[in-house]
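Asker: need coordinates for the below:
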Amino acid sequence: MNIGFFLKKIRKEKHFTLNEVAKSTNLTASLLSQIENDKTSPSLNSLETLLKYYKVNISDFFKQVEQKSHIFIKNIETETLEDANLGVRLTLLASKLENNVLESFVVSLNPGSSISSAKLKPDLSAERFLYILKGSAAASLTGDLEYRMVPGDSLNFKAYVSCVIKNDSPSEELQFLVSGNPPIFI
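Answerer: This next block holds a predicted model:
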């Protein structure tokens, strides 16, 4: 089990330092560091103390820790998110793993609709990948470069680069595959 990994993840998501947690829980920063780096396992009492401090239910915590290493999704089981007002439909592909590094979607845009990729910090070595399946698109990177894309075209870019994808067809739906580090869209 990756108990330490998930405790560290929770701490960082809540923007706590080791010293803050140590002071509030009466555990030492050294012990917390050893636990987070899987050098030692927390006692049940220490784990309960940390989870109480983080306001995380112990059963929810273990659901996350015991996650699967892979997932297979049949096409009839895909989940689709839609915003009819924006003309955007996202179909989640095999992206239902907890804490996954790679998210993949099929994005459908109505004519004239657009979507922007989330811009991550430059110190992350994350990338995004687009592959046009149907229709035509204008992909604008950081407002300076624009690529006209048709089926079969692909674009790979760093996740710190902003990208706006617009369906530039007056009548045809645009569909493209996008993969990258979460979160992909804003």
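
Asker: for Lys158, see how far away Val107 is.
Answerer: Computed as C-beta to C-beta, to the nearest Å, the Val107 to Lys158 distance reads 19 Å. For the C-beta atoms, the positions are set from N, CA and C on the backbone; glycine is no exception.

Asker: between the two, which one's more packed in?
Answerer: Taking neighbours as other C-beta atoms under 10 Å, Val107 and Lys158 compare with Val107 leading, 22 against 16.

Asker: can you list the strands that the helix or strand where that one lies pairs with?
Answerer: Secondary structure assignment for Val107, by DSSP states H and E: strand 103-109. Using DSSP bridges, strand 103-109 pairs in its sheet with strand 88-92 (antiparallel), strand 174-180 (antiparallel).

Asker: alpha carbons only: can I get it in PDB?
Answerer: This file holds the C-alpha atoms of strand 103-109, laid out as PDB (Å, rounded to 0.1, in the frame of the first residue of the first chain):
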ATOM      1  CA  GLU A 103      -6.400  11.900 -19.000                       C
ATOM      2  CA  SER A 104      -7.900  11.100 -22.400                       C
ATOM      3  CA  PHE A 105     -11.100  12.400 -23.900                       C
ATOM      4  CA  VAL A 106     -12.900  12.600 -27.200                       C
ATOM      5  CA  VAL A 107     -14.000  16.200 -27.500                       C
ATOM      6  CA  SER A 108     -16.900  17.200 -29.700                       C
ATOM      7  CA  LEU A 109     -17.500  20.800 -30.600                       C
END
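
Asker: give me the distance from it to the chain's centre.
Answerer: Taking C-alpha atoms, centre = their mean, to the nearest Å, one finds the center of strand 103-109 at 13 Å from the center of the full chain.

Asker: contacts for that strand, please.
Answerer: Contact with strand 103-109 is made by 87-95, 115, 133, 135, 137, 165-167, 173-184, as judged by C-beta atoms under 8 Å, 6 or more residues apart in numbering.

Asker: just how off-centre is whichever helix or strand comes after it within its chain?
Answerer: Sequence-wise, the next helix or strand downstream of strand 103-109 (DSSP H and E) is strand 114-116. Taking C-alpha atoms, centre = their mean, the mean C-alpha location of strand 114-116 is offset from the chain mean by 17 Å.
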